[in-house]
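**Student:** Here's a sequence, model it:
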Amino acid sequence: MYQFNEQFAAASRQFADTAAQINRIALENAQAVFGLQLGAIQERAEATFAFFGEAAQARDPEAFKTLLPKGVQIARENVERAVAVGQDVYGRTLKANEAIGQIAKSQLETVAAKTQASVEEAADKVVKAAKAK
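**Tutor:** Numbers count the residues shown, from 1 in each chain. Take a look at the predicted model:
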């Protein structure tokens, strides 16, 4: 019974360590993604508000004619930045998920190897017991 308790405690510790690793990776990814998105929003908001400031100062038709290309340029930059950030977020999330997958794979391989060893040990005991009779 004591051996079972030790095995259970070791498995529990291993599970907790693995969960902590996975949580750390997920949290780091979430922080990076949040930082990227917040930076993009801040940058694009500053450019947009600067444009609105210029638009508020325009008083004649010539000033409005020069604002149109600037507005289109800012809109295009906003879309390009959103796409670039989206791709970066996707890439970072993919890498984080791959790292989590590798951790899970290594844990499964470890459990499979331990189980295989236990099964082989039990089979050896059965064979020895059968030969002893």
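**Student:** just checking, next helix/strand downstream of the helix or strand hosting residue 39?
**Tutor:** Residue 39 is part of helix 2-57, with elements assigned from DSSP states H and E. Later in the chain than helix 2-57, the nearest helix or strand by DSSP H and E is helix 61-132.
**Student:** Might you list the low-confidence residue ranges for this structure?
**Tutor:** Scanning the chain for pLDDT under 70 picks out 1-4, 133.
**Student:** Residue 29: neighbour count?
**Tutor:** 19 (other Cβ atoms under 10 Å). Bear in mind the C-beta positions are built from the backbone N, C-alpha and C, glycine included.
**Student:** which residue packs closest to it, ignoring adjacent ones?
**Tutor:** residue 96 (3.8 Å; Cβ to Cβ, 6 or more residues apart in numbering).
**Student:** can you count the residues close to the one you found?
**Tutor:** 19.
**Student:** didn't it look like it was pressed against residue 27?
**Tutor:** No. Using Cβ atoms under 8 Å as the test, residue 96 is too far from residue 27 to be in contact (9.7 Å).
**Student:** Quick check: neighbours shared by these two?
**Tutor:** Common neighbours of residue 96 and residue 27 are not found (criterion: Cβ atoms under 8 Å, 6 or more residues apart in numbering).
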